[in-house]
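S.K.: 3D model of this:
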Amino acid sequence: MKTIIFLTVVLLSYFIYGFYISQFDVGALRTQINFQKEGPFYDYKGIINVHTRKSTGSGLVPQINDEAKSAGADFILYTDINNFDSTPPTDVYDGRLLTLFGSKMSFLDSRLIYFSPLQKSLGHSFGEAQTTLADLISQNPQTRSDSLVLLAHPFLKGFEWSGAWPEGLDGIELLNTKAMSFRAWTKSKLSVFWTVLIYPFNPQLSLFRLFSEPSQEIALLDQLSRERKIFAYAGSEASARAVPLAGYLIRFPSYLKIFELISQHILLESELTGNLALDRTKVLEALKKGQFYLCLDLLGNPEGFYNYLHTSKDRWMMGSSVKWSPDLKLKVTLPEKPKAFFEVVIYKNGSRYKTFNSIDVDVPLDGPGVYRVQVRIAQRFPLPDAIKWITWIYGNPYFVE
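M.R.: Predicted coordinates:
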């Protein structure tokens, strides 16, 4: 009888707590409406590193696309792992969603993400793929306008890169949900277990609890960007593993929940028009040039955020190389003031350079260096958690010479 009473109390407490956290909104902005805000650039949300049933995923492209649309994505890049299709899928517009197909290949102990509109296949075997990738990462990425090569989760256990960092990488995954989950598991297995328990009541909060600052990846980005042009990307690592339960398949976490968590937002000076060839080129160019920022979208819709370098005569987007002049300034604008305490941090050569508590910043730069922007928010979590600093937006670097 005591055991039954104890279990009843535990279950009752669990559901009461579940009701409490189900009311919690992780959003840090007052406005959560998804619309194109006014500004100097067009903002398009993109999701990369997505897996289907062809590799480790549980979904098919049409169903995954529907969930990407529900998450507000404008483009998606599929990267099935070690897939050697004799006839690779063709890029296409699915309604308003630009659907792109790349690949993710094992290379040494790591994994590389590859996308090219022209050469879809890396080869028909591991040997051919390894040879092609080895050639690509030995080239200056600025001379390869028709392909994108990224290093996935560079510090994930079992997939770490060893040796010198290849000069041919366009960038690294700064954010990756699989790496994020592994960091959380390493830090506290009990906390991850608790995260799983609360998932049915508030999936957004559950996933958000796993987030921690990708310190190693940030340090790597700052190190490499002082040596050459390289950019940061956000990999969803979306597979929606299917768990059988009472005759049903429960996808945990679902594609939609992962797509709502992190993404990259490219900034363009002209709109996407629905023309596949032209729009695909615009997206690829923006991703190669670093004209985008990474965002934890659960904190709020970032559309209306922008940052750029400017003088009285010219303006340069993220990823640009710019010659320093005394009137060179960095402009940062947020779509609105967050509900919680926040800070706009400008980094120079990996160190804090300036910090502001304003949604509109226009700061002179005192000399050459590598500059980038982060927007951080002091977000409050329900008990047993407390206030935690979360980076909402990671801007890509500027190279001031």
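
S.K.: ok, which stretches of the stretch 301-401 of the chain are strands?
M.R.: For the stretch 301-401 of the chain, applying DSSP state E, counting those that start in this stretch gives strands covering 306-310, 315-316, 321-322, 329-333, 342-348, 351-356, 360-364, 369-380, 387-395, 398-400.

S.K.: in TSV: the ones you listed, plus distance to residue 53 and mean neighbour count.
M.R.: In this view, the C-beta of every residue, glycine as well, is placed from N, C-alpha and C. Listed next are the strands of the stretch 301-401 of the chain as TSV, based on distance: least, CB to CB, whole Å; neighbours: other CB atoms under 10 Å:
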stretch	distance to residue 53	mean neighbour count
strand 306-310	38	21
strand 315-316	43	14
strand 321-322	42	14
strand 329-333	42	19
strand 342-348	41	19
strand 351-356	45	14
strand 360-364	46	13
strand 369-380	35	21
strand 387-395	31	20
strand 398-400	41	22
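
S.K.: nearest to residue 66, out of these?
M.R.: With respect to residue 66, and counting by CB to CB, the nearest of the strands of the stretch 301-401 of the chain is strand 387-395 at 26.7 Å.

S.K.: the closest one vs strand 306-310, what angle?
M.R.: Here strand 387-395 points in a direction 50 degrees away from that of strand 306-310 (axes from the mean of the first three to the mean of the last three CA atoms, to 10 degrees).

S.K.: let's number from 713 now, not from 1
M.R.: Noted, 713 is the first residue going forward, which turns the last one into strand 1099-1107.

S.K.: average model confidence for strand 1099-1107?
M.R.: Averaged across strand 1099-1107, the pLDDT comes to 91.

S.K.: repeat for stretch 1050-1062
M.R.: Mean pLDDT, taken over the full extent of stretch 1050-1062, equals 93.

S.K.: then it to PDB, C-alphas only?
M.R.: As requested, the backbone C-alpha atoms of stretch 1050-1062 are provided in PDB (Å, rounded to 0.1, in the frame of the first residue of the first chain):
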ATOM      1  CA  PRO A1050      13.800  41.700 -25.700                       C
ATOM      2  CA  LYS A1051      11.700  41.200 -22.500                       C
ATOM      3  CA  ALA A1052      14.700  40.100 -20.500                       C
ATOM      4  CA  PHE A1053      18.000  41.800 -20.000                       C
ATOM      5  CA  PHE A1054      20.200  41.600 -23.100                       C
ATOM      6  CA  GLU A1055      23.500  42.700 -24.500                       C
ATOM      7  CA  VAL A1056      24.900  43.300 -28.000                       C
ATOM      8  CA  VAL A1057      28.500  42.200 -27.900                       C
ATOM      9  CA  ILE A1058      31.100  43.100 -30.600                       C
ATOM     10  CA  TYR A1059      34.100  40.900 -30.700                       C
ATOM     11  CA  LYS A1060      37.500  41.800 -32.200                       C
ATOM     12  CA  ASN A1061      40.000  39.100 -32.800                       C
ATOM     13  CA  GLY A1062      38.100  36.800 -30.500                       C
END
